[in-house]
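>>> Need a 3D model of the following:
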Amino acid sequence: MEKLIITVACTGAMTTKENTPYLPTQPEEIAEEVRMAYECGATVAHVHVRTVEHKATMALDRFEQTVGLIRERVPDIIVNMTSSGGLGFGDEERILPHTVLKPDMGTFDAGSMNFYKGVFENSPTFLEKLGKAYIENGIKPEVEVFDAGMVWNAKRLLKDGFLQAPIHFQCCMHVHGGMEGTPRNLVHLVDSFPEKSTWSAFGCGPTADVIMAMAMTMGGHIRVGMEDNVYLSKGVLAEHNYQFVEKVVKLAEVFKRPIANVDEARQILSLPPRKK
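Below you'll find the model as predicted:
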């Protein structure tokens, strides 16, 4: 199997300070969490930003501050910026930070869905605009799929030229409104991917460990962090995101799955070599 890529998702859009007081929400906090996770083995940073009041946002200035600090502290980490930021943001608001900052990767949520108590809207028109913007700016999409229909959407967008092969998928399991986080469902998603695709997975809440183990043994990659889970184990809050990375590294040792460094991760993801 390929070496294992670990993505750290430190913040997200839905986790709150009420869920965990340890959630990093400010640029300095997020950058420091990324640095610590990188030192433990993470090679991709999935970046959301928040306002000063800890609210989800797609504001360009918050991305500029946060991504700027990440790149100062960890120059070679792969930066993967969200294109959602939460619910209710406009198309151009979601695309603009990518065209300005040109991260290595950007999320591409391949369909609309019920999402907790709201609706996560990703219209066909928006996805075409986002795909075109990514291609024009040399950004690799991370195609997030929350159910099997989104895989089919991605295949159609690939055929129509709004995505380019090889696709990298992120299997988002056990999100309220999406696919239940079971081994059978993960296998079904992966079996549906186009040939030569790469993929990663995470399971929210109680499904985290089983999805992690499945991805590890199936040849996929793994995402961890407070965006998806705040507990290291039942009733035990993580104080830092690197603790989740350490958990992956320990499991990888058991399964004899070496951890990819940044250059190896870039090769696996078909990304260009990092700029020196």
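
>>> make it CA atoms for all contacts and neighbour counts henceforth
Noted.

>>> Could you tell me the model confidence score at M1?
As predicted, M1 sits at a pLDDT of 85.

>>> and the closest residue to it other than its chain neighbours, how far is that from P194?
What sits nearest to M1 in space, not counting adjacent residues and going by CA to CA, 6 or more residues apart in numbering, is G219, at 5.5 Å. Applying CA to CA, to the nearest Å, the value for G219 to P194 is 15 Å.

>>> now swap in E121 and tell me
From E121 to P194 the distance is 24 Å (CA to CA).

>>> can you give me the strands in this protein?
6-9, 44-47, 49-50, 56-57, 78-81, 105-109, 113-115, 118-120, 140-145, 168-173, 198-203, 221-224, 231-233, 236-237 (DSSP state E).

>>> could those strands go into a markdown table alongside distance to L96, mean neighbour count and mean pLDDT?
A markdown table is the format used below for those (distance: least, CA to CA, whole Å; neighbours: other CA atoms under 10 Å; pLDDT from 0 to 100):
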| stretch | distance to L96 | mean neighbour count | mean pLDDT |
| --- | --- | --- | --- |
| strand 6-9 | 21 | 27 | 98 |
| strand 44-47 | 15 | 26 | 98 |
| strand 49-50 | 14 | 28 | 98 |
| strand 56-57 | 13 | 22 | 98 |
| strand 78-81 | 11 | 24 | 98 |
| strand 105-109 | 12 | 24 | 98 |
| strand 113-115 | 23 | 16 | 95 |
| strand 118-120 | 19 | 14 | 95 |
| strand 140-145 | 15 | 24 | 98 |
| strand 168-173 | 22 | 25 | 98 |
| strand 198-203 | 26 | 25 | 98 |
| strand 221-224 | 25 | 27 | 98 |
| strand 231-233 | 33 | 17 | 95 |
| strand 236-237 | 35 | 12 | 96 |
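
>>> Take those and write them to a markdown table, including distance to I95.
A markdown table is the format used below for these (distance: least, CA to CA, whole Å):
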| stretch | distance to I95 |
| --- | --- |
| strand 6-9 | 20 |
| strand 44-47 | 14 |
| strand 49-50 | 14 |
| strand 56-57 | 13 |
| strand 78-81 | 10 |
| strand 105-109 | 10 |
| strand 113-115 | 19 |
| strand 118-120 | 16 |
| strand 140-145 | 12 |
| strand 168-173 | 19 |
| strand 198-203 | 23 |
| strand 221-224 | 23 |
| strand 231-233 | 32 |
| strand 236-237 | 34 |
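
>>> picking that back up, so which of E121 and P194 has more stuff around it?
Neighbour tally, E121 and P194, criterion other CA atoms under 10 Å: the higher count belongs to E121, 20 against 16.

>>> separation between the residue nearest to M1 and H98?
29 Å.

>>> Those two: which is more packed in?
Under the neighbour definition other CA under 10 Å, G219 and H98 were set side by side, and H98 has more, 24 against 16.

>>> Report pLDDT for the more buried one.
At H98, pLDDT is 98.

>>> swap in K276?
K276 is given a pLDDT of 60.

>>> which residues of the chain score low on pLDDT?
For the chain, the stretches with pLDDT under 70 are 276.
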